[in-house]
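Student: generate a structure from the sequence data that follows.
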Amino acid sequence: MIYREMRPDEYGHLKDFLYEAIFIPEGATPPDRSIIGQPELSLYYEDFGSGQADYCIVADDNGRVAGAVWTRIMNDYGHVDDATPSFAISLYKEYRGKGIGTELMRRMLDLLKDQGYKKASLAVQKANYAVRMYKAVGFQTVDENEEEYIMVCRL
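Tutor: The predicted structure is shown next:
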């Protein structure tokens, strides 16, 4: 597995990864793919590369983009302030549970720290197995509602 920055010609993959990132509880029917076109979700990928905190690192498996972690400063579910990048991460199912997501997260946290950011944020559903990984790489819960945690990592 090679970890590298996503190339601009690959930004279209962010739509696929955003759909893959939607947490589907056990036994639930996945939403239609068109859901990623809704304004609260399209902000994760529209005009990616044009913002100051638009960074994306991918896991490349012999030329196939297997997973991606990306950040933006956006008014998403994990937004804490206008100086803090929000995280999104996703891997195709066959690559999950192998430490790839953890490595992507660590590399992105290092990149953000090198760029001078003081913290990063994300939102995650409480039932999502990824909560453990986020805690393991340094994210802490700063707020919550019935369904989600808002988590921040100080860099």
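Student: contacting residues for His13?
Tutor: Met6, Val58, Val65, Ala68 (Cβ atoms under 8 Å, 6 or more residues apart in numbering). Glycine gets a C-beta too; all of them are placed from N, C-alpha and C.
Student: now, which of these sits nearest Val152?
Tutor: Ala68 (21.1 Å; Cβ to Cβ).
Student: so after the worst-scoring helix or strand of the chain on mean pLDDT, what's the next helix or strand?
Tutor: Each helix and strand of the chain was given a mean pLDDT (mean pLDDT, DSSP states H and E); the minimum falls on helix 39-42 at a mean of 90. Per DSSP states H and E, the first helix or strand lying C-terminal to helix 39-42 is strand 55-61.
Student: partner strands of that next one and their direction?
Tutor: Note on strand 55-61: by DSSP bridges, its sheet partners are strand 2-5 (antiparallel), strand 64-72 (antiparallel).
Student: rewinding a little: and the two most separated of the contacts of His13?
Tutor: Met6 and Val65 (7.5 Å).
Student: can you pull out the strands in this structure?
Tutor: 2-5, 55-61, 64-72, 86-91, 119-125, 140-144, 148-154 (DSSP state E).
Student: on contacts alone, who are the packing partners of the fifth one?
Tutor: To tie it back to what came earlier, the one meant is strand 119-125. strand 86-91, helix 100-114, helix 130-136, strand 148-154 (3 or more Cβ pairs under 8 Å, 6 or more residues apart in numbering; DSSP states H and E).
Student: now do the buried residues in that strand.
Tutor: Residues Lys119, Ala120, Ser121, Leu122, Ala123, Val124 are the ones in strand 119-125 that count as buried (16 or more other Cβ atoms under 10 Å).
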